[in-house]
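# sequence and predicted structure are below.
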Amino acid sequence: MATQSQIAKSRRTPKFSTRTVRRCWRCGRRHGFMRDFNLCRICVRELANRGELPGVTKSSW
């Protein structure tokens, strides 16, 4: 979990656009972020396995 100060710091507009920090809206994690869902990889997997992400299915072959 990200601390409140880290979340507040990432919400500010950065001096340069490449310094933008994208965080998971569910847990606050910044690494392993997937822009398509605005979630980190861990939360995507949890929600996909529960069937709470529309259009995402578990692949098997």
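Sure thing, it's come through.

# buried residues, the longest helix anywhere in the chain. List them.
When the chain is parsed with DSSP state H, its longest helix is helix 41-50. Buried residues in helix 41-50, counting neighbours by 16 or more other C-beta atoms under 10 Å, are found at Cys43, Val44, Ala48. The C-beta positions use only the backbone N, C-alpha and C, and glycine is treated the same way.

# list the contacts of stretch 36-47.
Contact with stretch 36-47 is made by 22, 24-27, 29-34, 53, 56, as judged by C-beta atoms under 8 Å, 6 or more residues apart in numbering.

# and which of those is nearest to Ser5?
Among those, Arg30 lies closest to Ser5 (C-beta to C-beta), at 13.7 Å.

# how much space between that closest one and Val44?
14 Å (C-beta to C-beta, to the nearest Å).

# buried residues in the lowest-mean-pLDDT helix or strand in the chain?
In the chain, no helix or strand scores lower on mean pLDDT, DSSP states H and E than helix 4-11, which sits at a mean of 89. Burial within helix 4-11, assessed by neighbour count using 16+ other C-beta under 10 Å, is assigned to Ser10.
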